[in-house]
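S.K.: predicted model follows, preceded by the sequence.
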Amino acid sequence: MIRGLLSFLPSSSRLIFPFLFYHVLTWVWCCLLNLRKLLCYIYLSFLIFHKCFLVLAAVVLFGEPVRWETNLQLIIDVLLTGGCPGKPYHQASYPHIPVLACNMDLMWMAEAQSPRFGHGTFMVCLENIYKKITGKELKYEALMGKPSELTYHYAEYLIRMQAAQRHWKEPIQTLYAIGDNLMTDIYGANLYNRYLEEKNSRKGSKGPPATATNCRSVLVCTGVYNPHTEVPSDTRESITETVFHGHRDFRFDPALVEPDHIVPDADAAVDLIYQLENFFFLLETSNQCGL
């Protein structure tokens, strides 16, 4: 059919027509997809905002959104209405419904020359807007991800499971955490190392099982790391000068942002771990034995 239509067109137009036809079809297809999304959005908006058919039980924050102002408004509406944003604000909605959050990095590195706002910045905005409106602190049911201890408990659990699948007889005693952010990667690794040291020093201590005895922090000089940034030695200075880029609910401790090792990049970090664990010797021995 298309060939028949092309036969009536001048030769100069025969090259342009398929190109235009393809783009028209693409445009129509995109409109249909957007229409579907729009209808779904209208339907959900009708249920939530008008009928209040759905009562939200919790707010879970995974990462920074694209449209911050829209999402900040929606979350505030949910928190101040007890999970039913179709209703007006009321004072009885405090304490608010549970809020769970992860990914607390204030900034992260992308293609730009300077760091970009991360989910931690979005959380700062949400906390300050909530406090400005209500005069009360936003409470988190749980904070997950670095630098939370919970993340490292789960990471060690996964490592133990992988070691069991490979039938390793010797337990893994030293963990290595590699990262470019002093306030999350290094802070979290040192915090978990402090937990392991305290746990191993007390016999019969309660808590999640752990076979590791220490967790070593390795800082890579890439990403958001800035060697010219000075870390305050006084915790009061970190509060008054707002130098501490960690989350509000984590206490600043200068010892927790001191890495055990500093290397140029991730490749150098892996080489360092091989050297510390004597992996090079084991590899050479295996090669010599023909294993």
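M.R.: Good, I have the coordinates.

S.K.: and the strands in this protein, which stretches?
M.R.: Taking DSSP state E to define them, one finds strands in the chain at 59-61, 99-101, 107-108, 116-117, 142-143, 174-179, 214-220, 261-263.

S.K.: could you dump these to a markdown table with mean pLDDT?
M.R.: Formatted as a markdown table, the strands of the chain follow (pLDDT from 0 to 100):
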| stretch | mean pLDDT |
| --- | --- |
| strand 59-61 | 95 |
| strand 99-101 | 95 |
| strand 107-108 | 86 |
| strand 116-117 | 90 |
| strand 142-143 | 92 |
| strand 174-179 | 94 |
| strand 214-220 | 95 |
| strand 261-263 | 94 |
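
S.K.: output those strands in a markdown table, with distance to residue 73 appended to each entry.
M.R.: Backbone N, C-alpha and C define where each C-beta goes, glycine included. Formatted as a markdown table, the strands of the chain follow (distance: least, C-beta to C-beta, whole Å):
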| stretch | distance to residue 73 |
| --- | --- |
| strand 59-61 | 13 |
| strand 99-101 | 16 |
| strand 107-108 | 23 |
| strand 116-117 | 18 |
| strand 142-143 | 23 |
| strand 174-179 | 33 |
| strand 214-220 | 38 |
| strand 261-263 | 42 |
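
S.K.: of all those strands, which lies closest to residue 163?
M.R.: Closest approach to residue 163 among those (C-beta to C-beta): strand 174-179, 11.9 Å.

S.K.: so for residue 110, what's the pLDDT?
M.R.: pLDDT for residue 110: 83.

S.K.: need the contact list for residue 246.
M.R.: Residues near residue 246 by C-beta atoms under 8 Å, 6 or more residues apart in numbering: 104, 106, 147, 183, 184, 187, 252.

S.K.: distance check, the fourth one against residue 255.
M.R.: So the one you mean is residue 183. Note on residue 183: its distance to residue 255, by C-beta to C-beta, to the nearest Å, is 13 Å.

S.K.: got it, and the second one?
M.R.: Relative to residue 255, residue 106 is positioned 20 Å away (C-beta to C-beta).

S.K.: neighbour count: the two, which is higher?
M.R.: The neighbour comparison of residue 106 against residue 255 (other C-beta atoms under 10 Å) goes to residue 106, with 21 against 9.

S.K.: quick check: residue 248 touching residue 126?
M.R.: No: applying C-beta atoms under 8 Å as the test, residue 248 and residue 126 come out as separate, 11.0 Å apart.

S.K.: give the contact list for residue 220.
M.R.: Listed by C-beta under 8 Å, 6+ apart, the contact partners of residue 220 are 178, 179, 180, 263, 264, 265, 266, 268, 269.

S.K.: who does it form a beta bridge with?
M.R.: residue 263 (DSSP bridges).

S.K.: thinking again about what came up before, residue 248 and residue 126: which is more packed in?
M.R.: Taking neighbours as other C-beta under 10 Å, residue 248 and residue 126 compare with residue 126 leading, 21 against 16.

S.K.: helices of the stretch 151-291 of the chain, start to end?
M.R.: For the stretch 151-291 of the chain, the helices defined by DSSP state H, counting those that start in this stretch occupy 187-201, 235-240, 266-276, 279-288.

S.K.: lowest average confidence across those, which one?
M.R.: helix 235-240 - the lowest mean pLDDT of those, at a mean of 43.

S.K.: from residue 174, how far off is residue 278?
M.R.: Going from residue 278 to residue 174 by C-beta to C-beta gives 12 Å.

S.K.: those two: who's more crowded?
M.R.: residue 174 (14 against 9).

S.K.: contact partners for that one?
M.R.: 212, 213, 214, 215, 216, 276, 277.

S.K.: same thing but 10 Å
M.R.: By C-beta atoms under 10 Å, 6 or more residues apart in numbering, the residues touching residue 174 are 193, 196, 212, 213, 214, 215, 216, 273, 276, 277.
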